[in-house]
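1. got a structure for you, letters missing:
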């Protein structure tokens, strides 16, 4: 047991160590200075590997997602500069001392804010050369995310949210000329507005103060003057803004005579704390609903990337969700519980379905909506509770896919067979032979002229009704999405876009920074939603992914 004298000696040595590490004894006689000097230094583990002055390398006065900060500072780049865990420990110390705030939101995210005053105090005790070197080392993490060395900054993955928001701020501290050039570049401005909104570009322009940046900010402010605080521009007005900035057409490049393929438009990016059990996009692609454990239903605004509403559903895990064709309500279902509907705006329970436990649901033209009752094996209309068909089907069915014209509904049977139904009458149209492996996902052509089947080891397309095989892809990423002309297939950290006619690789989407888990189309097939293991959702404008119409087989 330590004596009081030994304890005081240990505290004194810890404080001396702290003073040597921070390079300063006197932090000032105001509230910030006194709080810094009175920090508990007994926990040496929080201070060993990182000077506290380096906390001034964190952007001040803005809320930062701890998840994003951890990924940006610690997951890539040079290992000896990856001090994120020590940094988070320092944040906890400063939070307990009342010097900064850390808050937790209803969706489990933790947000931290370094106040401007604390940032300036820490920065004042840090030599400018050392500070610039630290910013440069951090920016190496952003370099590591580029597809290949020398790529322009606007090719950063959309999933690298921290760097999209704060790259210019870091560049400004060690290479102001590069920061100014980046903010003025057409590619960065266009990508910034399309992916994260016009207000995000305004934040960049405020960092780099120049006549050019002020002129650009003036144009943006003119377009934003009539918008509500926190809102963004609608797609039409956003296009007008890009034209006003002189970015109406994509920049040319590549070999002479070659027409470069324009980058697909990212409609929205959303980063969550973890991967949900299920998700659904609203018909107008402005919000996303995700469900998971503890019966919580989270509704996120995709324009502002913020949590709109938390709906407290049943206490059990919510395993399925869907959005009504008009976007007015959200349907959820849990194991052993009846499906429920929630008002998308107020979050109040709107309608208690009588269809029982809903395993999956799909909707098509003219408000058609088909749900599958996993207890009775029935296809039903969840709005009217009308059963589609004359008798129950197989209780073990799953993985629904509905043709865009509403003519055919595909589902996996109890075994490995695939059943095709008329969704309006419930009549069984065909039963495909058993597959060698269990089916994971199905997709149908707009007119049901072909079916895409994904199992544990392959993705194949068969023509209907002949069942002639067009092609087979040998890969395990079978949570694919379909349009009439192309497939979106997860492949490690990428999404492969392949022709539905030949299986040819048409392009690759490289904007995720973690393994892609799922791809889904919006009901009208105008947007593609991709989701990775790190919790990042990217919503793409489907028309820009493959602008030209590929030829058939």
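-> Arrived safely, thanks for sending. Here the structure is a predicted model, which is why all the values come from computation and not from measurement.

2. residue 478: what's it in contact with?
-> 440-441, 454-456, 458-459, 489 (CB atoms under 8 Å, 6 or more residues apart in numbering). Just so you know, the C-beta spots here come from the backbone N, C-alpha and C atoms, and that holds for glycine as well.

3. make it 10 Å
-> 437, 439-441, 452-459, 489-490 (CB atoms under 10 Å, 6 or more residues apart in numbering).

4. what kind of secondary structure is it in?
-> At residue 478, secondary structure determined by DSSP: H, G, I helix; E, B strand; the rest coil is coil.

5. ok, residue 236 next?
-> helix.

6. tell me, how many residues neighbour it?
-> Number of residues near residue 236 (other CB atoms under 10 Å) recorded here: 8.

7. cool, the one 5 residues further on as well?
-> When counting by other CB under 10 Å, one arrives at 20 neighbours for residue 241.

8. secondary structure element for it?
-> According to DSSP states H and E, residue 241 maps onto helix 235-244.

9. next helix or strand past that helix?
-> Downstream of helix 235-244 (by DSSP H and E), the next one is strand 266-271.

10. and that following strand, average pLDDT?
-> For strand 266-271, mean pLDDT rounds to 86.

11. what of stretch 204-221?
-> 91.

12. re earlier: what is the nearest of the contacts of residue 478 to residue 108?
-> residue 490 (24.3 Å; CB to CB).

13. my guess is residue 497 contacts residue 482, does it?
-> No: the pair residue 497 and residue 482 fails to qualify as a contact (CB atoms under 10 Å) at a distance of 11.2 Å.

14. who touches both of the two?
-> Counting by CB under 10 Å, 6+ apart, the residues touching both residue 497 and residue 482 are 488-489, 519.

15. out of the residues you listed, which is nearest to residue 356?
-> Looking across the shared contacts of residue 497 and residue 482 and measuring by CB to CB, the closest to residue 356 is residue 519, at 29.0 Å.

16. what about the closest one, distance to residue 533?
-> 14 Å (CB to CB, to the nearest Å).

17. any idea how far residue 61 is from residue 115?
-> Distance from residue 115 to residue 61, by CB to CB: 7 Å.

18. neighbour count: the two, which is higher?
-> Using other CB under 10 Å as the criterion, residue 115 and residue 61 rank with residue 115 on top: 15 against 10.

19. need the contact list for the closest residue in space to that one that isn't next to it in sequence.
-> Nearest residue to residue 115, sequence neighbours excluded (CB to CB, 6 or more residues apart in numbering): residue 100, at 6.0 Å. By CB under 10 Å, 6+ apart, the contact list for residue 100 reads 55, 58, 60, 90-94, 112-115, 118-119.

20. what number of residues lie near residue 402?
-> Residue 402, neighbours per other CB under 10 Å, totals 26.

21. likewise residue 475?
-> 15.

22. surely it is in contact with residue 458?
-> Yes: under the contact definition of CB under 10 Å, residue 475 touches residue 458, with a separation of 7.0 Å.

23. and residue 492, how far from residue 533?
-> 10 Å.

24. between those two, what contacts are shared?
-> 512, 514-516.

25. re earlier: tell me which of residue 492 and residue 533 has more neighbours.
-> residue 533 (14 against 11).

26. so what's the more buried one up against?
-> 274-275, 493, 512-517.
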